[in-house]
Every structure is written in C-alpha cells, then in structure tokens.
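I'd like to go over a predicted model; first the sequence, then the structure.
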Amino acid sequence: MSKPRLNGILLAAACLLGATALAAPREYQVFQTDHPPFIDGDVRDDIWRATPWSGDFTGPQGAAADVQTQFAMAWDERFLYVAVRCKEPRPQAIHAEITGHDPRIVNDDHIEILLASSDKPAAFLQIFLNPAGGRVGQWIEEGRSENAPGDRWLRLQQAGFDSAVRVHGAEWVIEAAIPLPSIAFPLKEGITYAGNICRVRPGAPVKDMAWNPVHRDLRKSADFGLFKLCGPAPKAPPVLGGDAVCLRNDDLINGNLLSLADGKIRFSSPTFAEDVSFGADEVQRLDLAWTEVDAAPSRFFLNNGDQISGKIVSLSAETLEIESPSLGRVSIPRGLLSNISLSGFWLDSRFETGVLKPWELLAGSCNFSNGLLHLSGGTPGGQYQAILSLPLHQDKPVTLIADYDSAPPFTPLHIQLFADRAHPQMEIQNGIMLHIIPSAMFVVYNDGQAWSPPRPRQRLTQAAAKERVRIKVTYDPSDGYAGAWYNGKQVAEITTPQGPRTGEYVIFGATRPLDLHRLSVYCGLPAPEHPMAGPKPGEILSYLTNGDIVRAGQVEFADGSFVYTTEFGPMKVSPDRVVAITFPAKAEKPPAAETAAAFVETSGSRFALDVEAITDEFVIGKSPDLGELKLSRRVVKSISFPAS
C-alpha cells in the first residue's frame, strides 16, 4: 500500500473560504515574557502560572464540548510559545499512532495551531501536534497547500521549532515554541493577527472543537479569532499570593498557601469561594512565592543526593559544620560528604555511591554496578540511549571532563555546554555541542538560529578492544573559544563569532549503551585534570586554583585554613586557593529519596525533608540525615512530594 502524499491528505484538512463567522471573533491577549518556558510538556513553569488561559473550546455551531480544552500563549523576540491542556476522561481511548512527520496525523487525536495575518487570513501557517509526539507543519494559501510542504517543515525545524507532549492521567498537554521568522508575517508588539487553536478527538461524541467557534470546518479562515501581541503582562492581583499547588491529577491552582499541619494543606484561591484543604498525599508539588536568594560561596554535595549551599565553619574527621543562609548552622556527618565546591564550581560526580543527583536522567534508563553508571534504555537506529542533564547557570568559562569505557563498535557521544534547555531529544537552540562519531570529533555552536558547520581538527582511531577514555570540552563565552580533547590530545576547536553568552544546563548524551566512571564540571579555565584512576581507597583529592591536585589521607578546616595530611607531612592551604575537595566514595547510606517524604528546593540547596508544618514564616521538618530543620519560608522555591 503506497504511503499517502502530504499534499493530498493535509489539503483535505486545509481551509476553505466563504463562510460567515458565527459571531464577533474571540480575542486573546498574548503577553511578552522575559522568562521563556522550558519546552517539556509540563505547564507548571512560572510563565504559564502568570499567563491567562483561554476559555473552553466549543464544537461546531458553538455546541458544548464534552471535555475541556484550554490554551495559553506568550512571546518574546524569537518565539511564539503555545501551551494546550486537553482533558481526557478516557486516556486509554487516545488514538495516536504517528510519532514523526507524517500526514496521517490528521487521523489521530491532535491539536492544530492556525496562524494568519489579520489582513490576509486566507494564507496561514498550520501546525499539527499529537499525543505521541507527531508533528506536521505546512503553509496554506488560497485554500491550497504549498507545492512542497516538507520544505516548510524543514524550515520550521531549522529556525528552531520545538515541541513536547506529556500525558498525565486524565489530561494530555502540548507545549510548542514557534520561531517568529517561520510565521511569514511580521509579529511585534501591538500587532493583531488571526488564527485558531483546534482539537480533534476521533470517535468522540463531539469530534471537532475550537477556541473560536466554527460552523463545520475547523480550518475556515472566516471563523478565525484574533490574537493581539502585548507587552509584559500586568502583575497578578495581590490576592493570588504567588503560591501554587499542583495536585496528583495535574490540576494547578494558584493562590496562597495558608498552612500545612497534621498532614493537611490549607490553601486559598480566587477560584474558590472558601479556603480549601488537601491531604498531603493528594499533592504533587507546592510552589512558593520565594523572595530571598540563599547565595553562599560554597556548595556541599552529600552521598545521599542532598546538596546544600553555605559557608564552611569547621571540618574534622567526624563532622562538617556550615552556616547556610536557608538552614542556619548545620552539622553534617563527615561520612556523608561526597564533594565540596568552593571557588567557582567544581562537581566531581563519581558513581560508586549509586547516586545520580544532581544530574537528572532525561531519556533512557540507568543503573549502578561495580562503581559504574550504566546508561541504556534507548532504541536502536541512532536514537539516544540515555541523556543526562545538570541544571547549572553558566555565564563564565565552563569545562566538562568525562571518563568512560569505550568498546567496539564506537559509541557516539554528544556533550553540550551553555544549553538553554534540557530536551529529551536534545533539540536545543542555544549552546556549544561536542560530537564524537566513529571517524571524528568536532565542536559546533548555535547562536539561537542555526548550528554552525562542523570543523573536525583530527580524525579518531578506534581501539580494537575495550579501553578507558577521557574526553574534555571547554568553552569561554568572553572570546567564543571552544576546544575538545581526547585522552589528553586536542582534536577539535572553534571560535564562535556570536556564540551563546549564558546557559542553564550541561548535557551528556550517548547513542549506544555506555559505562561511565565519572563526570566532572568546572566553572573556569583551564580545568585541573583529575587522575584517570580516581582516588585510592580512603584518599581525599583537593583541586587547587593553579591546577595542582593534593592527595591526602585527611583534611580539616580550622582557623580559616585547610590542613591536609599527606605522605609528605601536613600541608596548610588558604580556602581561596581551593577549587573543590572530593571525598572517598561511600555507599552505605541509601539515597535520601528512599527515606524522605518530600524534597525542599531553594535557590542554592536541595534536600530531603519530612515536612511537619508550614506557617506564615517557616517550613519545619526533619531531615533523615541532618535532623530537625526550621527554615525561612521566604527562601523556599518548591516542595515536592514523591509518589509513594
């Protein structure tokens, strides 16, 4: 059976002219944002909390729909952002077979985004998105699709189009970032454009639904509504309070968190006439209106996955004492320490402990064995086996070092610094990316518009047997220089004329199963090279600002200095000369995620906590490892309650 042609099937879904609108078109204000969403299908981002959502969709002739659908829009200088929430009481009935660019998407459950110039609505951009990740785009003009719609989709992708979908229980959510240049008519503040957002549910009592009411055909330009591009949204009324609660069914309620006590969360919201209460087991996450940054010069990583921002007070063989802006004076058992990052940032992730944090798994699966992190779980044919991301704000030079086992066939890798988002398919529009392929290793960059052409400096020779490999990639935004090294030998470099200036994520992706010994990230140039073999049992490694590495059996901090016990005797070092200290791996402690009821996140810390109470001023609870804690509510960004 031949595959349907794109023009033929999609043309059947294109607009036809001539109908008269049911009533005055609906209008929606699209506000400008300085904080674009992370395109992952999760609409709990701050932008969507602050953006007005549309009214419910209706069926043909304005008939009431049997399920709710709502959308929200925002824009900046580069993209038009669209989020659509589709309630679905029978998720098992969702029909979505298309996962790529395929015109048969019109037969699936799907969303259609239609965008047109208000003075020429018969010519419009049409984008199809379904719950399985299928995506199709084309340009319709005078009732006909363009001759080569695949070219339009290619141009959309090259310009940076991005989308993601999530199915949560009785709802599926679409998020999309549509590059403004691809829309083919000017979009700027004050402009009003035409269009519609439509939903199709094959087999449902009301199959076709739209935001702006239609006669029968969803795609008739005569039935388009109006979208007006506005400046930044006015601040929400004070009654909202700035807090939000996300329930297990993915409902999101804005308002004011009043209290948590005896397992009950009390919440006020303009949505409800009276205060409402939820059991803690009904809540997925609390987002709080934090107002204070708990900035501190050092970060302390524990082998249970916790990380705490603070200033070191003392360190002995038994205890670390720190002064934390969020937690006050805290004593941490020395055996819990995995890494201390002092000047700049140095994270040395060794996987003997079985702890992945602060790295996050975006795709694939992983497990720990014999001191290694095994990445796998992808699909054959070049898809990513696994992708790890590290949330890290970057505006200064950054270096990543990876130690892994390479065995024939060659394992292609992709490493990204200064990424603007963490995407499960690595579809990223900003950053420096290192590609390692069977024949070469090269660095490319993206300035937000397109990737630069690859420039390999030297071809690689694949070992005939399994070998341990070290790769290093570094980028300096001040002069645009990026370089890459393979087992200590530089094999690629590039100088970017307009490379990224800031980034929020470091990304590591592998296209085949891979065994990782460690991943190290250092904010600065050059990064000190840690020994390939890592520390010996019981050995402490300290990295200094001049690139030296101190091997010690013990380290203490007292009277404002670190004192190392080395084989050559005591060594005293000022803390401003220390980049980081890594401690021998210990695996006795289970990850905090296995023992705590919640995770608390501030601007500088993330730790497990059994939350006992929340008042107007404090969050109070008990940490499995740090004991009783009482922290100011003003520094708490969110509290997550993992599913039991």
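Nice, I can see it.

any idea what sits nearest Val82, other than its immediate chain neighbours?
Nearest non-adjacent residue to Val82, counting by CB to CB, 6 or more residues apart in numbering: Ala176, 4.7 Å away. Where you see a C-beta, it was placed from the backbone N, CA and C, and this is true even at glycine.

Quick check: phi and psi at that neighbour.
phi -140, psi 150 (degrees, to the nearest 10).

try Ile494
Backbone torsions of Ile494, given as degrees, to the nearest 10, read phi -160, psi 150.

Ok, the one 4 residues further on next?
Backbone geometry at Gln498, expressed as degrees, to the nearest 10, gives phi -140, psi 50.

ok, how many other residues are close to it?
For Gln498, the count of nearby residues is 12 (other CB atoms under 10 Å).

now do Leu519
Based on other CB under 10 Å, the number of other residues close to Leu519 is 22.

Could you check how many residues crowd around the residue nearest to Val82?
Residues lying near Ala176 (other CB under 10 Å) number 24.

Excluding sequence neighbours, find me the nearest residue to Asn212.
Leaving aside its sequence neighbours, Asn212 sits nearest to Gly225 (CB to CB, 6+ apart; 3.2 Å).

returning to what we had before: what does the pLDDT read for the residue nearest to Val82?
Among the per-residue scores, Ala176 holds a pLDDT of 92.

Is it bridged to anything, and to what?
Val82, Ser163 (DSSP bridges).

What residue, apart from its backbone neighbours, is nearest the residue positioned nearest the centre of the chain spatially?
By CA atoms, centre = their mean, the chain has its centre lying nearest to Ala422, at 3.9 Å. Leaving aside its chain neighbours, Ala422 sits nearest to Ser389 (3.8 Å; criterion: CB to CB, 6+ apart).

my read: that neighbour touches Tyr505, true?
Yes - at 5.1 Å, Ser389 counts as touching Tyr505 under the criterion of CB atoms under 8 Å.

and the closest residue to Ser542 other than its chain neighbours, what does it touch?
Nearest non-adjacent residue to Ser542, counting by CB to CB, 6+ apart: Val550, 4.2 Å away. With CB atoms under 8 Å, 6 or more residues apart in numbering as the criterion, the residues that contact Val550 are Leu541, Ser542, Leu544, Tyr564, Thr566, Met571, Val573.

where does the residue nearest to the centre of the chain land in three-state SS?
Here Ala422 takes the coil state, with states given by DSSP: H, G, I helix; E, B strand; the rest coil.

What's the separation between it and Leu390?
9 Å (CB to CB, to the nearest Å).

what is in contact with these two at once?
Counting by CB under 8 Å, 6+ apart, the residues touching both Ala422 and Leu390 are Glu360, Tyr505, Ile507.

Which element, helix or strand, includes the second one?
Secondary-structure assignment from DSSP states H and E places Tyr505 in strand 503-510.

and that strand, which strands flank it?
Short version: by DSSP bridges, strand 503-510 pairs with strand 386-394 (antiparallel), strand 413-419 (antiparallel).

Need the winner for burial among the ones you listed.
strand 413-419 (a mean of 25; mean count of other CB atoms under 10 Å).

Now that one - C-alpha only, PDB.
Coordinates of each C-alpha in strand 413-419 appear next as PDB, following Å, rounded to 0.1, in the frame of the first residue of the first chain:
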ATOM      1  CA  LEU A 413      28.500  10.900  22.200                       C
ATOM      2  CA  HIS A 414      27.000  14.400  22.300                       C
ATOM      3  CA  ILE A 415      28.000  16.900  25.100                       C
ATOM      4  CA  GLN A 416      26.600  20.300  25.400                       C
ATOM      5  CA  LEU A 417      27.600  23.300  27.400                       C
ATOM      6  CA  PHE A 418      25.600  26.500  27.800                       C
ATOM      7  CA  ALA A 419      22.400  24.800  26.700                       C
END
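
Which strand residues bridge Glu27?
Counting by DSSP bridges, the residues bridging with Glu27 are Leu226.

Could you pull up the residues touching it?
Counting by CB under 8 Å, 6+ apart, Glu27 has contacts Gly225, Leu226, Phe227, Lys228.

Then Val283?
Counted by CB under 8 Å, 6+ apart, Val283 has contacts Val245, Cys246, Leu247, Arg248, Ile265, Phe641.

Skip the chain neighbours and tell me the closest residue to it.
Phe641 (5.5 Å).

what's around that neighbour, how many residues?
Residues lying near Phe641 (other CB under 10 Å) number 20.

Begin at 254 from now on, thanks
Yes, from this point I'll number from 254; that puts the last item at Phe894.

my guess is it meets Arg538, correct?
Yes - between Phe894 and Arg538 there is a contact at 6.8 Å, judged by CB under 8 Å.

For Arg723, list the residues it contacts.
By CB under 8 Å, 6+ apart, the neighbours of Arg723 are Ile654, Ala655, Asp656, Trp738, Tyr739, Asn740, Gly741, Met785.

where does the stretch 404-553 of the chain dip in pLDDT?
Scanning the stretch 404-553 of the chain for pLDDT under 70 picks out 404-407, 411, 422, 487-494, 503, 524, 546-548.

mind listing the strands for the stretch 304-453 of the chain?
322-328, 332-340, 363-370, 373-382, 388-394, 397-398, 415-421, 424-432, 445-453 (DSSP state E, counting those that start in this stretch).

of all these, which lies closest to Leu769?
The closest of the strands of the stretch 304-453 of the chain to Leu769 is strand 415-421. By CB to CB, the value is 25.9 Å.

and that closest one with strand 388-394, angle?
Inter-element angle recorded for strand 415-421 and strand 388-394: 130 degrees (by axes from the mean of the first three to the mean of the last three CA atoms, to 10 degrees).

what sits up against strand 415-421?
292-295, 344, 347, 382-386, 388, 425-430, 502-503, 674, 676-677, 680, 682.

Return the members of these classed as buried.
Neighbour-count burial (16 or more other CB atoms under 10 Å) applied to those gives 292-295, 347, 382-386, 388, 425-430, 503, 674, 676-677, 682.

quick one on the thing from earlier: could you dump the contacts of Glu280 to TSV with neighbour count?
Compiled in TSV, the contacts of Glu280 are given as follows (neighbours: other CB atoms under 10 Å):
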residue	neighbour count
Gly478	21
Leu479	17
Phe480	25
Lys481	15
